[in-house]
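K.L.:
Here is the input, now give the coordinates:
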Amino acid sequence: MIAERLQKLVDEMVERGVLFDDAVHEFEKRFIVRVLSQNDGSLGKTAECLGIHRNTLTRKMAEYKIKRRAA
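P.N.:
The predicted structure follows:
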């Protein structure tokens, strides 16, 4: 089910000429925001759920201008 939905999204993005880097950045940003919200803004819990180091999460949040706020 998810694979089919993802394939349709990828097909649409390719047809519209979305660049790979733009697609990856948008996905990564939205994923981080969602998991951060799920963890009430806890960087440690969010990093653990994402499987990345807390410093990496902090760097990516700065890169994507994601603000830390409790849900």
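
K.L.:
Give me the local confidence score for the residue sitting furthest away from the middle of the chain.
P.N.:
Ranked by distance from the centre of the chain (CA atoms, centre = their mean), the top residue is residue 15, with 22.2 Å. Predicted confidence (pLDDT) for residue 15: 98.

K.L.:
contacting residues around it?
P.N.:
Residues near residue 15 by CB atoms under 8 Å, 6 or more residues apart in numbering: none. C-beta coordinates here come from the backbone N, C-alpha and C atoms, glycine included.

K.L.:
I'd like the numbering to begin with 805 instead of 1 from here.
P.N.:
I'll keep to 805 as the first residue from here, and by that count the last item is residue 819.

K.L.:
and it, what are its phi and psi?
P.N.:
In terms of degrees, to the nearest 10, the main-chain angles of residue 819 are phi -60, psi -30.

K.L.:
For the chain, give me the ranges with low pLDDT.
P.N.:
Applying pLDDT under 70 to the chain flags residues 874-875.
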